[in-house]
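K.L.:
Sequence unavailable; structure follows:
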């Protein structure tokens with residue numbers, strides 16, 4: 001659905017986006033991840049035509065966004081919904097009035113507005129708040145109203161710019177579940193900009209890590225968190241683990257549902273090696289549970305163990321110094 005090739009964006013002499021290339025399939029939930037100021041929101045604004053890019057190509061459903069004339073761009077944006085961190089609601093208007101705003105802007109008739117708003121209130125789970133003022137709502141309820149408003153024009157694409165950053169953990173999970181429901185039931189492609197790792201793991205199946213205006217890593221969420229490329233390690237920061245100074249220290253990551261429970265024990269038995277676990281942790285993603293285990297063993301056994309896990313399709317890394 002979205003094809004981005006060698007995209008660059010400058011503000012005067014400041015380079016904000018550098019040679020960005022991404023492909024996002026229709027119906028995907030894709031995460032754009034990175035620290036503040038690395039260009040995530042700028043890329044989002046290029047996708048919906050709010051920002052012009054200087055070079056490269058950005059196509060949405062085969063349409064080159066940068067070449068659209070003002071009238072065509074106006075209609076293009078009607079198919080692209082935006083959800084922001086600050087909700088952007090009219091505080092003195094009712095929930096109904098806030099959701100109806102886009103349809104009134106496009107001169108929909110009253111009967112159509114009434115039907116659509118009623119349907120959307122049920123989808124986002126707050127039909128009882130129809131006549132409440134926006135200022136009377138909780139943060140999670142406000143974001144649900146904002147989501148409903150973006151759906152009034154039946155968009156093909158939904159762009160979320162730090163949509164859960166202002167919410168408490170419970171409201172965040174509720175909104176993420178709602179976005180997954182919308183993706184599943186309505187087939188809308190979702191791109192989520194976030195710096196929160198819990199959000200990308202709980203919401204997205206694919207992701208790209210941006211740093212200094214360029215794509216540093218791209219792939220499925222599971223692949224990136226299991227392989228832990230430098231871009232992810234830089235984003236997460238260094239976890240201070242004191243490693244044994246004797247022998248070799250290795251780390252594996254694997255899907256707990258797809259591998260047997262006693263993976264390391266089987267390896268030790270088949271290769272006849274001994275090991276000592278340094279640290280073990282589990283992490284939940286959209287696809288399931290990922291286990292990461294750090295362990296120590298004799299240097300003479302390290303190469304055989306790496307080869308063993310590689311043959312079984314399991315990511316294995318050598319740990320050096322303080323990880």
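P.N.:
On my side now, so go ahead. Just so it is clear, the model here is predicted, and its values are computed rather than measured.

K.L.:
And the helices in the stretch 201-323 of the chain?
P.N.:
221-227, 230-236, 263-271, 299-311 (DSSP state H, counting those that start in this stretch).

K.L.:
from those helices, which stretch is densest packed?
P.N.:
Greatest average neighbour count among the helices of the stretch 201-323 of the chain goes to helix 221-227 (a mean of 19), per mean count of other C-beta atoms under 10 Å. The C-beta positions use only the backbone N, C-alpha and C, and glycine is treated the same way.

K.L.:
nearest to residue 18, of the helices of the stretch 201-323 of the chain?
P.N.:
Closest to residue 18 of the helices of the stretch 201-323 of the chain, according to C-beta to C-beta: helix 230-236, at 14.3 Å.

K.L.:
What number of residues are in the vicinity of residue 48?
P.N.:
Residue 48: 19 surrounding residues under other C-beta atoms under 10 Å.

K.L.:
What segments of this structure are strands?
P.N.:
Secondary structure of the chain by DSSP state E: the strands cover 2-11, 14-24, 29-33, 55-60, 63-64, 80-84, 157-161, 189-194, 206-211, 214-220, 248-255, 275-285, 288-297, 315-318.

K.L.:
And the shortest one, how far out from the chain middle?
P.N.:
Looking back up the chat, that one is strand 63-64. Centroid separation for strand 63-64 versus its chain: 24 Å, with C-alpha atoms, centre = their mean, to the nearest Å.

K.L.:
Give the other helices and strands that it contacts.
P.N.:
Using 3 or more C-beta pairs under 8 Å, 6 or more residues apart in numbering; DSSP states H and E, no helix or strand is in contact with strand 63-64.

K.L.:
Adding distance to residue 105 and mean pLDDT, write the helices of the stretch 201-323 of the chain out as JSON lines.
P.N.:
Below are these laid out as JSON lines (distance: least, C-beta to C-beta, whole Å; pLDDT from 0 to 100):
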{"stretch": "helix 221-227", "distance to residue 105": "36", "mean pLDDT": "92"}
{"stretch": "helix 230-236", "distance to residue 105": "39", "mean pLDDT": "89"}
{"stretch": "helix 263-271", "distance to residue 105": "57", "mean pLDDT": "92"}
{"stretch": "helix 299-311", "distance to residue 105": "57", "mean pLDDT": "94"}
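
K.L.:
Most tightly packed of the strands of the chain?
P.N.:
Stretch with highest mean neighbour count among those: strand 29-33 (a mean of 26; mean count of other C-beta under 10 Å).

K.L.:
Minimum distance to residue 15: which of the helices of the stretch 201-323 of the chain has it?
P.N.:
Closest to residue 15 of the helices of the stretch 201-323 of the chain is helix 230-236 (C-beta to C-beta; 18.4 Å).

K.L.:
Name the surrounding residues that touch that closest one.
P.N.:
By C-beta atoms under 8 Å, 6 or more residues apart in numbering, the residues outside helix 230-236 that reach it are 33, 34, 35, 197, 209, 211, 216, 217, 224, 225.

K.L.:
mind redoing it with 6 Å?
P.N.:
If you take C-beta atoms under 6 Å, 6 or more residues apart in numbering as the criterion, helix 230-236 is touched by 209, 216, 217, 224.

K.L.:
Please identify which pair of the residues you listed lies farthest apart.
P.N.:
In the contacts of helix 230-236, two members sit farther apart than any others by C-beta to C-beta. They are 216 and 224, at 10.3 Å.

K.L.:
Residue 38 contacts residue 214, doesn't it?
P.N.:
No. In this structure, residue 38 is not within contact of residue 214 by C-beta atoms under 6 Å, at 8.7 Å.

K.L.:
Select the longest helix from this structure.
P.N.:
If you go by DSSP state H, the chain has its longest helix at helix 169-186.

K.L.:
for it, packing partners?
P.N.:
Helices and strands touching helix 169-186, by 3 or more C-beta pairs under 6 Å, 6 or more residues apart in numbering; DSSP states H and E, are helix 139-151.

K.L.:
if we go to 7 Å?
P.N.:
Helices and strands touching helix 169-186, by 3 or more C-beta pairs under 7 Å, 6 or more residues apart in numbering; DSSP states H and E, are helix 139-151, helix 197-203.

K.L.:
chain center to that helix, what's the gap?
P.N.:
Using C-alpha atoms, centre = their mean, the distance between the centre of helix 169-186 and that of its chain works out at 13 Å.

K.L.:
tell me the average confidence for it?
P.N.:
Mean pLDDT, computed over helix 169-186, is 93.

K.L.:
Name the residues of that helix that are buried.
P.N.:
When burial is assessed from 16 or more other C-beta atoms under 10 Å, helix 169-186 yields the following buried residues: 171, 172, 173, 174, 175, 176, 178, 179, 180, 182, 183.

K.L.:
And the contacts of that helix?
P.N.:
29, 124, 139-140, 143-144, 147, 163-164, 167, 188, 190, 199, 202-203 (C-beta atoms under 7 Å, 6 or more residues apart in numbering).
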